[in-house]
Each structure stands twice: as structure tokens, then as C-alpha cells.
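# can't give you the sequence, but here's the structure:
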């Protein structure tokens, strides 16, 4: 599809030079940048503190790191 856009003169020149230096066209560069921006995954908000309930109700064992699979496996096998 053919379209017309207005760009700041400096931005246009920077983009044109970038495309030329990278062996592509300005059109291809603009398409690539738009795809990256439009198809990017939305940023997730920071993780919130999670409260886990346990079967016996005493909470988590001290020193347990839920991100360490090997340590968790070792704890489960020890019981």
C-alpha cells in the first residue's frame, strides 16, 4: 500500500542514512520498525507478592527458594 507520512527532516535523514548503510530501503526499514513496535509483547507489571497456602497451614519452610528447581527436588526427596 502506498501512503504519505510527514517526518522531521533530521529523523528522515538519519533513517535514510541508516537504511543505506545497512543495505536496505527506507520503506523496508520503516516496515521493520513498525512491525517490531506493533508486534511487541506488552510489558508486564512487576510481579506482586504471592501468598501460598500449604496443606498443614504452617507456611513455607525457611530458606526455600522457589526459583531453584534442584534444591526443591532435593527437599522433596528428603521427606
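Thanks, I have the structure now. From a predicted model like this one, the values you see are computed outputs, not experimental measurements. Numbering: from 1, shown residues only.
# mind giving me the packing neighbours of the helix or strand of the chain with the lowest mean pLDDT?
Of all helical and strand segments in the chain, the minimum by mean pLDDT, DSSP states H and E falls on helix 69-78, at a mean of 82. For helix 69-78, not one helix or strand is in contact under the criterion 3 or more Cβ pairs under 8 Å, 6 or more residues apart in numbering; DSSP states H and E. C-betas here are computed from N, CA, C, even on glycine.
# mind listing residues that contact it?
61, 64-66 (Cβ atoms under 8 Å, 6 or more residues apart in numbering).
# ditto for stretch 10-20
Here stretch 10-20 makes contact (Cβ under 8 Å, 6+ apart) with 7, 25-26, 28-30.
# which of these fall in helices?
26, 28-30 (DSSP state H).
# adding neighbour count and distance to residue 56, write the residues you listed out as JSON lines.
Shown next, in JSON lines, are those (neighbours: other Cβ atoms under 10 Å; distance: Cβ to Cβ, whole Å):
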{"residue": "26", "neighbour count": "15", "distance to residue 56": "65"}
{"residue": "28", "neighbour count": "12", "distance to residue 56": "61"}
{"residue": "29", "neighbour count": "16", "distance to residue 56": "60"}
{"residue": "30", "neighbour count": "14", "distance to residue 56": "60"}
